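*Asks:* all I have is the shape, not the residue letters:
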């Protein structure tokens, strides 16, 4: 059965006020379009979980969507602080939990496996242990040495952006892999957004690229350019100029609200947003084809 729907419909049906939402992706494939649709629909009191919040959680917090942030690194990558989140955290306007990268991913792995925790070696960041009561030391029953445990992370909704998917939700990623698979398997509900919707036989022709299988997916949305200003390997480049520009915009709450008014509330969807960016930006972010060597899977 086809799970294709519009992004507006997926967000309306599957993301509810008060949910814990995980927008997955690392360096590329960050689902900015979904964050913008959540803002447009006025979702509130969300717990926003993500290993690296990136600019999208700055924007969602500024729009009043967030109650709490769960993270393992918070910053404007390669530029500096996420200034909106920093101001709100310092003012006590948001709850927060901080983990190491390994701790965050281990929480997702435990959630995906249905386990109460997965043991880790003692953290190299003891300050996190002092300020976060979720860090617990246990005794390894086999060696007697101390290990660290954290509770599983099971988001209500995980959002994963991919290069291509079929209408059933079988989704493929190439390039840098982040925590997409772990977040999807740990979540109660899963939204997949894709640069391309392709026939099932295309997915079956290269099964090793299928990171997300259809049986855990609730909605599939065709959303080209979903990841801008981050990038999608093979489709468009990272908009480094915007990351620098956001550092300037986010100095002022008024400037942030002006940005949201023009670029989020002021457009209907991602297609209108991309058109508004203009031809110069399209040309600047265009990438040339560079194909991998074919793989012979054989036939028998």
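*Replies:* That came through, no problem. The model shown is predicted, which means the values in this text are computed figures rather than measured ones. Numbers count the residues shown, from 1 in each chain.

*Asks:* so residue 196: helix, strand or coil?
*Replies:* With DSSP: H, G, I helix; E, B strand; the rest coil as the basis, residue 196 sits in strand.

*Asks:* need the pLDDT of it.
*Replies:* As predicted, residue 196 sits at a pLDDT of 98.

*Asks:* may I have the secondary structure class of residue 47?
*Replies:* When classified by three-state DSSP, residue 47 comes out as strand.

*Asks:* the one 10 residues further on now?
*Replies:* Of the three states, residue 57 takes helix under three-state DSSP.

*Asks:* what number of residues lie near the closest residue to it other than its chain neighbours?
*Replies:* Nearest in space to residue 57, with sequence neighbours left out and distances taken as Cβ to Cβ, 6 or more residues apart in numbering, is residue 48 at 5.2 Å. The way it works is simple: take the backbone N, C-alpha and C, and place the C-beta from them, glycine included. Residue 48 has 27 neighbours, counted by other Cβ atoms under 10 Å.

*Asks:* one more: the one 4 residues further on?
*Replies:* By the criterion of other Cβ under 10 Å, residue 52 has 20 neighbours.

*Asks:* ok, now residue 279?
*Replies:* The number of residues packed near residue 279 is 8, by other Cβ under 10 Å.

*Asks:* likewise for residue 183?
*Replies:* Residue 183: 29 neighbours (other Cβ under 10 Å).

*Asks:* dihedrals phi and psi, it?
*Replies:* Residue 183 adopts backbone torsions of phi -60, psi -40, taken as degrees, to the nearest 10.

*Asks:* which residue ranges form the strands in the protein?
*Replies:* Secondary structure of the chain (DSSP state E): strands located at 20-23, 46-50, 66-71, 95-98, 136-139, 146-149, 157-165, 171-172, 189-197, 210-212, 219-222.

*Asks:* with distance to residue 234 as added columns, please give those in JSON lines.
*Replies:* Converted to JSON lines, the strands of the chain look like this (distance: least, Cβ to Cβ, whole Å):
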{"stretch": "strand 20-23", "distance to residue 234": "21"}
{"stretch": "strand 46-50", "distance to residue 234": "23"}
{"stretch": "strand 66-71", "distance to residue 234": "28"}
{"stretch": "strand 95-98", "distance to residue 234": "33"}
{"stretch": "strand 136-139", "distance to residue 234": "42"}
{"stretch": "strand 146-149", "distance to residue 234": "38"}
{"stretch": "strand 157-165", "distance to residue 234": "6"}
{"stretch": "strand 171-172", "distance to residue 234": "11"}
{"stretch": "strand 189-197", "distance to residue 234": "9"}
{"stretch": "strand 210-212", "distance to residue 234": "15"}
{"stretch": "strand 219-222", "distance to residue 234": "17"}
